[in-house]
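J.: Give me the fold of what follows.
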Amino acid sequence: MNKKSYHQIERYMHCCMKDSAHDREHVYRVLNTVLLIAQSEPEADRDVLICAALLHDVGREDQFQDPKVCHAKAGGEKAYRFLLEQGYEESFARQVRDCITTHRFRENNQPQTLEAKILFDADKLDAAGAMGIARTLLYQGHMGTPLYTTGPEGLILYGTGEQTKSFFQEYKYKLEPLYDRFYTKTGRALALERRETAVRFYEGLLQEVQQSQDAGKAELAVVLTEL
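T.: Reported below is the predicted structural model:
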């Protein structure tokens, strides 16, 4: 891929990225990670990888406007049409589309090609470790989602089996199981390096919240009794 083609695709991506948690820098991190993983996969098509990484989230705005829309599928179709309009071969546009449409967690639509598996891993690595925690909190803050919820008698819910949205629920539902879902050897190794950071943050936050609540309840019980 030459510089002119790269910047043409990059400009289109810039026009589509409006989500603070899935912004341009997320795209560039995924691009960088795609190329890092590809160092161990010499047979992977770099042009397909670069293009798919740049365009993998161009459907985010469509999903934001209508939650029923799958951003991966919408983005794949948008990327496919854009590439055809710019004169790229249909086979190339199709490969890019296939990578994008399968980069999201879906049991019935998993990545099949090497390039699609690399993109999947690179995107999921940006949801791992400290970066994954930071992006989750950024997005949930924008959406007004609480850090945690409480159950009967004010007991703090850890997130397991919860239906109500919270950071703890998202961690247990999406972030914690993430590390068993990687396809490439390099992706798995990088994910395991980041896992401990995420675990420590979740457990540390839960401990702080629990300790302060327990101490506060005990003290409040004494004060209210004296009154």
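J.: does the closest residue to residue 104 other than its chain neighbours sit in a helix, a strand or a coil?
T.: Nearest residue to residue 104, sequence neighbours excluded (C-beta to C-beta, 6 or more residues apart in numbering): residue 72, at 3.9 Å. (Each C-beta comes from the backbone N, C-alpha and C, glycine too.) The local conformation at residue 72, judged by DSSP: H, G, I helix; E, B strand; the rest coil, is helix.
J.: got a list of what residue 72 touches?
T.: Applying C-beta atoms under 8 Å, 6 or more residues apart in numbering to residue 72 gives the contacts 56, 59, 100, 101, 102, 103, 104, 106, 109.
J.: And the residues you listed, which of them are buried?
T.: Buried residues within the contacts of residue 72, counting neighbours by 16 or more other C-beta atoms under 10 Å: 56, 59, 100, 101, 102, 103, 104.
J.: Next, work out how far apart the last one and residue 57 are.
T.: Spelled out, that is residue 104. Taking C-beta to C-beta, to the nearest Å as the measure, residue 104 falls 10 Å from residue 57.
J.: returning to that earlier point: state the pair within the buried ones among the contacts of residue 72 that is farthest apart.
T.: Spatially, the most separated pair among these is 59 and 102, at 13.0 Å (C-beta to C-beta).
J.: rewinding a little: give me the common contacts of residue 104 and residue 57.
T.: Common neighbours of residue 104 and residue 57 (criterion: C-beta under 8 Å, 6+ apart): residue 71.
J.: Residue 152: neighbour count?
T.: Neighbour count of residue 152, defined by other C-beta atoms under 10 Å: 6.
J.: Check what pLDDT it gets.
T.: Residue 152 is assigned 80 on the pLDDT scale.
J.: and what of residue 64?
T.: pLDDT at residue 64 comes out at 77.
J.: How about the one 3 residues further on?
T.: For residue 67, the pLDDT comes out at 85.
J.: ok, it - how many residues close by?
T.: Considering only other C-beta under 10 Å, residue 67 is surrounded by 8 other residues.
J.: That one and residue 37, how far apart?
T.: From residue 67 over to residue 37 (counting by C-beta to C-beta), the distance is 31 Å.
J.: Got phi/psi on residue 150?
T.: phi -120, psi 150 (degrees, to the nearest 10).
J.: Hmm, residue 113 is touching residue 96, no?
T.: No: using C-beta atoms under 8 Å, residue 113 is not in contact with residue 96, being 10.7 Å away.
J.: Counting by contacts, list what the lowest-mean-pLDDT helix or strand in the chain packs against.
T.: For the chain, scoring each helix and strand by mean pLDDT, DSSP states H and E identifies helix 60-65 as the least confident one, at a mean of 81. The helices and strands touching helix 60-65, judged by 3 or more C-beta pairs under 8 Å, 6 or more residues apart in numbering; DSSP states H and E, are helix 71-85.
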